[in-house]
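Trainee: what follows is a predicted structure for the sequence shown.
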Amino acid sequence: MKYAVDPESIQAYRTRVFVFSQELRRETDPSSRATTAMYLAEAATTLARLEVEEAEKARSSQHYGVNRKKSP
């Protein structure tokens with residue numbers, strides 16, 4: 001099945017964390033809040049790992065000059 005955004009992408013996890021945080025703010029039932037908080041924590045942990053990977057890729061590409069502009 002094709003998706004508009006890969007569900008395992010960093011963009012999908014950023015959206016997921018945002019949505020769960022908004023849902024947690026609106027939720028009033030303690031049991032539902034606990035469940036939502038657990039989903040949020042899991043998504044935020046995965047997002048943090050993906051962000052670290054992205055930062056390492058960016059640092060690596062800068063180190064090797066992949067994204068550097070050549071002088072004239």
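Mentor: That came through fine. This is a predicted model, so every value here is computed, not measured.
Trainee: where exactly do the helices run in the protein?
Mentor: 10-26, 30-63 (DSSP state H).
Trainee: for the shortest one, name the packing helices and strands.
Mentor: The elements that helix 10-26 packs onto, with contact taken as 3 or more CB pairs under 8 Å, 6 or more residues apart in numbering; DSSP states H and E, are helix 30-63. Yep, even glycine has a C-beta here, placed from its N, CA and C like the rest.
Trainee: in the helix it packs on, what's buried?
Mentor: 36, 39-40, 43, 46-47, 50 (16 or more other CB atoms under 10 Å).
Trainee: picking that back up, got the helices of the chain as JSON lines, with mean pLDDT columns?
Mentor: Formatted as JSON lines, the helices of the chain follow (pLDDT from 0 to 100):
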{"stretch": "helix 10-26", "mean pLDDT": "98"}
{"stretch": "helix 30-63", "mean pLDDT": "95"}
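Trainee: any chance of those helices in CSV, plus distance to Ala4?
Mentor: Output for the helices of the chain, formatted as CSV (distance: least, CB to CB, whole Å):
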stretch, distance to Ala4
helix 10-26, 10
helix 30-63, 18
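Trainee: so which of the ones you listed gets nearest Tyr3?
Mentor: For the helices of the chain, distance to Tyr3 was read as CB to CB. The smallest value, 8.4 Å, belongs to helix 10-26.
Trainee: what residues does that closest one touch?
Mentor: Here helix 10-26 makes contact (CB atoms under 8 Å, 6 or more residues apart in numbering) with 5-6, 33, 36-37, 39-40, 43-44, 46-47, 50-51, 54.
Trainee: next, the angle helix 30-63 makes with that helix.
Mentor: 150 degrees (axes from the mean of the first three to the mean of the last three CA atoms, to 10 degrees).
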